[in-house]
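> 3D, please:
(2 chains)
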Amino acid sequence: MHEHEKEIEDLVGSIMAAELLAVLATKAPEYPYTNLVAFAATEDLKKLLFVTTRSTRKYLYLISDNRASLLIDNRSNSFIDFRDAVAINATGRIREVDRESYPHLGDIYLHKHPYLQEFFSSPSSALMCMDVGKYIIVRDFQNVVELDM
Amino acid sequence: MMYPLLLLRKEIDEGHKTLIGGKASALWKMYSSGLRVPNFLVLTTAAYERFVDINGLRGRITLEFTRKSFDEMRWEEIWDTSLRIRNMFSRATMPPELGQLIISATKETFGNSALVVRSSAKGEDSANTSFAGLHASYVNIREANSLLEHVKLVWASLWSDAALMYRQELGLDIEQSSMAVIVQELVNGERSGIMFTASPQDPGEMIVEAVHGLNKGLVDGEVEPDRWTIERTSGNMKEHRAPPARDMAVLSDNKGTYLGPLSLNKRSFPPLSDDEVHEVCAMGFKIEQMFGSAQDIEWTIRADTLFLLQARPVTTFVDKDSNRQWYLSLTRSLSNLQQLKEQIEQELVPAMARTAEELEGSDLTALKDGELAAEIKNRQDIFNKWKGAYWEHFIPFAHGMRLFGQVYNDVIKPEDPYEFMELLKGVDLMSLRRNRELAELADMMKRSSSGYLEDVASEFNERFSSYLTRWGSGDDGTDVAGLKELLGHIGDIAAIPGRSGKTDVDHLDRSFLDRFEGEEKKKAEELLELARASYRMRDDDNIYLDRIEGQLKHVLHEGLARLRTRGIDWEIEPKEIMAALVHEDHVPEKRGSEIPARDVRSRVHIRQIQGQPASKGIVSGMARVIRSQSDLFKMQKGEVLICDAIEPSMTFVVPLASGIVERRGGMLIHGAIIAREYGIPCVTGIPDVTGIIDTGDMITVDGYLGIIVIQRADVS
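Numbering: from 1, shown residues only, chains lettered A, B, ... in the order given. Here you go, the predicted model:
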């Protein structure tokens, strides 16, 4: 693997592992719609998982247009973030996962968020999966690289 | 917990060490042991923190540090960073209650005495981090406003270029690092000096250096001292070395310090008698015992009374980074730079021109192969000699611009820390003259190719040939053909550089000089003149050197041409050309390839990257990546020039470019100067730029913020 590619993948991997929450942006009829979601990533970083109830607006919006973005960052809410924080924008298409057919995806999610067992298991909840097309990584305030998946 | 912002000498105790910094702690220790130290007070690190927090400077410094990893920065970029931070401090407002506290405490403590303002950084001058000259000190400060301004500059020097160079050793950190400031009564010493209780070179020896006048002359290197070497164990004087001349001294008057002639009756006497040298040594021993380690001490004598100005451990640190030491040697005084200017203008430039002319006059075709090989070696030696002179004299001379910039920013406090460059622009740079000629040639070519102006065609050939000889470029046949091709499609390039239009240089010039009066004004005028010469030389020196290099290329081309007749048609290193000329049966090795194109298979694509904002403006255009000389001739008008560094041989394509991006970073480098002269947006200091961009990519150059955005050609 290309050396730079490895460095970027490792960076993305470490932030995906460390951070609990992501901002999900979906396409709403008038304005983009954003939410915080508890997410998990597969080891190859090709899939990002989160859970939502089917009655939410984000679920409805994703049903009508599955193109979405997830923003994950490691900011500490201090001025040093301008130097040290990394923000990662994952873009791709999101679909609901059939938990019985793909139990390992549920395991990955619960391994990271064991306290969400009840929420995850509820019949009204859906396990959602983003097939990541690309990661856009912003570091050092203004440096941007893209990682194709 | 509220920490005191200011402590009088009598208020300091052991518990205040971290608040008052290393230098003040040492001063306090000497004072409390009964040694004679001029009265002082300390603005604590809490005052620094109050100032930076109220002005939001911590965040701004952080942003400066995000621009690029320090490990990737060239020294020019580090200097630029430091300049921007210094300007932030200079423009920031002193919180009124803090300013009032400083003014009233100094008035109460020192009355109307002249003052010295010194840095005292946390951890500075401890045994591990004792580096002289990283932070600022100012001597002979008299008015309240001037005091506050100089306090800000001392704070700013926490982030000086030298400190940034030693950031790892200092543990420089935006959140943790802080700076206390010593305000001390100026002892107007008649004789001053330093002493090492153990010489860094030979710990068995003590060293005393002394000058007439103030210590500033010695510390800044402007006055050469008398030097005594004393054996530590016996106290015997081993050597007294007098300077070649004892004719100058740094003295003070009611406005500041100045370097002036030493009175004639003092010139023939060393600043210290032998007895006084021993007295200084005895004092040194006492201080060494007090601190428990060898000390580097500054002292001064007024009316036969010895005062201690500061003491710090003799550093045991051996800097193995020769680049860093070389860089620190670039910081020079006005008088030193004026001497350098004289040497460059009167000796070096004429000698370079003569060398180039001599080489241009020789007939290489008349030489036998062996002689040609010897001539290649000869020209390599000549070129290397001048390249050495370039580093030794011309590069340090570029500091003239920096010195001016610093003075300009301190007095004007401009919003744009590079406003001073506007005062330097517009001098007649050689590369602009060369480009004007090229534009005229392009125009002639256009007219001659219209078919009915034979005399124009003949004049064109004559002038084109003269151009090649005088500017020393294009000796290679391919280059000449490429240059002609370029002339054909240059079209209506700007023969005269674009101007920013809005800047009234005369007004800036006046506003700067009007800040000074009398002798100071004369000095300011001299500094401006020096800076303009330094600016001009930053471009011209490259052209002079290029002319000599052109002659080296010329002889290499002749050698290659001869090898071609032997069927050797690949690219060869000079040493291989020489070997093949001397030994007919030698098969030369193929030269390594040019800068490789980027690895297109990578899944990682850089989309936006920060460098240094080197010329204002924003523009988008197709990239023309220069990986070899031949790429230059393909340059089309309106493209963004992407290169490792703008070499003097490349400046002829600059007027075609809509934007410039280069790897070599800095505001004052050759490429940035040319870009500003033409008013072309430019970003410098983009790492591996020729590797991450391909010709045809769409590039946005933001010369305001120093950012480029890359839109790849192979992505919709």
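> need the residues of chain A near chain B, please.
A:2, A:4-5, A:8, A:79-80, A:82-83, A:136, A:140-149 (Cβ under 8 Å from any Cβ of the partner chain). Using the backbone N, CA and C atoms, a C-beta is placed for each residue, glycine as well.
> let's see 10 Å
Applying the criterion Cβ under 10 Å from any Cβ of the partner chain, the portion of chain A that neighbours chain B consists of A:1-9, A:78-85, A:134-149.
> Return the members of those classed as buried.
With neighbours counted by 16 or more other Cβ atoms under 10 Å in any protein chain shown, the residues of chain A next to chain B contain buried members at A:4-5, A:8-9, A:79-85, A:135-147, A:149.
> hmm, back to that, looking at the residues of chain A next to chain B, which are in helices?
For the residues of chain A next to chain B, membership in helices holds for A:Glu3, A:His4, A:Glu5, A:Lys6, A:Glu7, A:Ile8, A:Glu9, A:Asp81, A:Phe82, A:Arg83, A:Asp84, with DSSP state H as the criterion.
> Of those, which is the nearest to B:Gly696?
Distances from B:Gly696 to those, taken as Cβ to Cβ, are shortest for A:His4 (21.3 Å).
> Could I get the contacting residues of the nearest residue to that closest one once chain neighbours are set aside?
If you skip the residues right next to it in sequence, A:His4 has B:Val604 as its closest partner in space, 5.3 Å away by Cβ to Cβ, 6 or more residues apart in numbering or on different chains. Residues counted as contacts of B:Val604 (Cβ atoms under 10 Å, 6 or more residues apart in numbering or on different chains) are A:2-9, A:135, A:137, A:145-148, B:692.
> Could you rerun that using 6 Å?
Residues touching B:Val604, when contacts are defined by Cβ atoms under 6 Å, 6 or more residues apart in numbering or on different chains, comprise A:His4, A:Glu5, A:Ile8, A:Val145, A:Leu147.
> Can I get those in CSV including pLDDT?
Listed next are the contacts of B:Val604 as CSV, based on pLDDT from 0 to 100:
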residue, pLDDT
A:His4, 79
A:Glu5, 87
A:Ile8, 94
A:Val145, 95
A:Leu147, 95
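> Tally up the residues packed near residue 19, please.
Defaulting to chain A. For A:Glu19, the number of neighbouring residues by other Cβ atoms under 10 Å in any protein chain shown comes to 17.
> The chain in question should be chain B.
Each residue near B:Leu19 was counted by other Cβ under 10 Å, and the total is 23.
> quick one: it from chain A, how far?
When distances are taken as Cβ to the nearest Cβ, to the nearest Å, B:Leu19 and chain A turn out to be 23 Å apart.
> How about that residue: what's its closest non-neighbour residue?
Ranked by Cβ to Cβ, 6+ apart and with sequence neighbours excluded, the top spatial neighbour of B:Leu19 is B:Thr44, at 4.2 Å.
> you'd agree the one you found is up against B:Ala180?
Yes. Taking contacts as Cβ atoms under 6 Å, B:Thr44 lies within contact range of B:Ala180: 5.4 Å.
> Comparing these two, which residue is more hemmed in?
Between B:Thr44 and B:Ala180, counting by other Cβ under 10 Å, B:Ala180 is the more crowded of the two (30 against 25).
> That one in helix, strand or coil?
For B:Ala180, the reduced secondary structure class is strand; criterion used: DSSP: H, G, I helix; E, B strand; the rest coil.
> Next, the contact list for it, please.
Contacts were defined as Cβ under 6 Å, 6+ apart; by that measure B:Ala180 touches B:Ile20, B:Gly21, B:Ala24, B:Val42, B:Thr44, B:Thr45, B:Ser120.
> just checking, which of the residues you listed belong to helices?
By the criterion of DSSP H, membership of the contacts of B:Ala180 in helices covers B:Ile20, B:Gly21, B:Ala24, B:Thr45.
> between those residues, which is nearest chain A?
Distance to chain A, by Cβ to the nearest Cβ, is smallest for B:Thr45 among those, at 18.3 Å.
> Show me what the lengthiest strand in chain A packs onto, helices and strands only.
Criterion DSSP state E: the longest strand present in chain A is strand A:125-139. For strand A:125-139, the helices and strands in contact under the criterion 3 or more Cβ pairs under 6 Å, 6 or more residues apart in numbering or on different chains; DSSP states H and E are strand A:47-53, strand A:87-96, strand A:143-148.
> Out of the ones you listed, which is the most enclosed?
Mean neighbour count, computed with mean count of other Cβ atoms under 10 Å in any protein chain shown, is highest for strand A:47-53 among the helices and strands packed on strand A:125-139, reaching a mean of 21.
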